[in-house]
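S.K.: here you go, sequence then predicted model.
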Amino acid sequence: MSEQDPLDISELTDEQVANYLRNNPSFFVDHPSLLADISLPHESGNAISLVERQVSVLRERNMDMRHRLSKLLDNARVNDKLYEKTKRLTLAMIEGQDLGDIVDALRYSFDNEFKIPYTTLLLYGDAGEIPASEARVVQLNEAREHIGNLIKSNKASSGVIRPEEQQFLFGDNSDKIGSVATAPLIHGNAFGLLAIGHEDPQYYRSSMGTLFLSYIAEALNRLLPQYLPR
C-alpha cells in the first residue's frame, strides 16, 4: 500500500490539527482572515464577553459588506455589457446608408444582442413621404388618439401601460406582453416612439432605470430626422 499523500486532508484528526497549531503558534498571525470564520463560544454557556460580541458584530458587518460589494460588482458587469451592446448598435446605425439600414441595425441588435422579444419603432407622418423601412408609420393624430399619454412624455419610462396602448403598439402580440418600456423620439417636436416589450410583468418595472434605452433614443433623434418630411 502506498504512503498517504501529505496533501490529502480527508483523514486529518482533531488531534493532528491541534498539534500543528500548537507547533505553529504564529499561524493565525500569518493568516488573520481565517479568524473571521471561526466561532468560539464562551465557556459559561450562553453568556458572551463584550469582546466576543464586538467580534460577532464586526463579522456580521463584514459579511454584509461582502454581499453588497458582490452585488455592486454584478451590477457593474451587467452595465458594462449593456454599454458595449449600446456602443455597437450606435456605431452600426451611424454607418447606415439610409433609413432602412438604420432600422435594420436597430432591430438586429434588439433581437440578437439585447434579446428583446418585442420591438416597435413608430414614426409619425405620411407613409408615402417617408422612405420604406421596418419602422411602422402612422399619422400623428392617430397616434395621439391611441397613445396620447405616451406621446406627451419627454423621457423614457417603463412599467405597465393601458391595454389599448399596448394593442396599438404591439398589435397581435399585445396579449403576450406583461411590461413595456418606451422612449419618445424628439427633434424639436415628437416624430416617433420606440417601444419594447417583455412577457414578464416585472421585467420592465416603473422603478427600473432606462438609461441605455434613452441613449439609443438620443442616437435615433439625431439620425432619423434627415429622412422625414420637414
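M.R.: Everything's here; your move.

S.K.: switch to C-alpha atoms for all contacts and neighbour counts from now on
M.R.: OK.

S.K.: for the helix or strand Leu194 falls within, which strands pair with it and how are they oriented?
M.R.: According to DSSP states H and E, Leu194 maps onto strand 189-198. Next to strand 189-198 in the sheet, as set by DSSP bridges, lie strand 118-124 (antiparallel), strand 179-187 (antiparallel).

S.K.: show me what the helix or strand following the first one is packed up against.
M.R.: Proceeding N to C from strand 118-124, the next assigned helix or strand is strand 136-138, under DSSP H and E. Where contact means 3 or more Cα pairs under 8 Å, 6 or more residues apart in numbering; DSSP states H and E, strand 136-138 is packed against strand 118-124.

S.K.: now tell me what touches the strand it packs on from outside.
M.R.: 107, 110, 135-140, 143, 169-170, 173, 191-198 (Cα atoms under 8 Å, 6 or more residues apart in numbering).

S.K.: show the buried residues in the residues you listed.
M.R.: 107, 110, 135, 137, 140, 143, 169-170, 191-198 (16 or more other Cα atoms under 10 Å).

S.K.: of all those, which comes closest to Ser153?
M.R.: Proximity of the buried ones among the contacts of strand 118-124 to Ser153 (Cα to Cα) peaks at Leu193, which lies at 10.4 Å.

S.K.: the closest one - nearest residue in space that isn't next to it in sequence?
M.R.: Counting by Cα to Cα, 6 or more residues apart in numbering, Leu193 lies nearest to Pro184, which is 4.5 Å off, once chain neighbours are set aside.

S.K.: that neighbour and Leu220: what is the separation?
M.R.: Distance of Pro184 to Leu220, given as Cα to Cα, to the nearest Å: 10 Å.

S.K.: which helix or strand in the protein has the lowest average pLDDT?
M.R.: Ranking every helix and strand in the chain by mean pLDDT, DSSP states H and E puts helix 27-30 at the bottom, with a mean of 75.

S.K.: quick one: whichever helix or strand comes after that helix to chain centroid distance?
M.R.: Next in sequence after helix 27-30, counting helices and strands by DSSP H and E, comes helix 50-94. Between the mean C-alpha location of helix 50-94 and the chain-wide mean there is a distance of 12 Å, by Cα atoms, centre = their mean, to the nearest Å.
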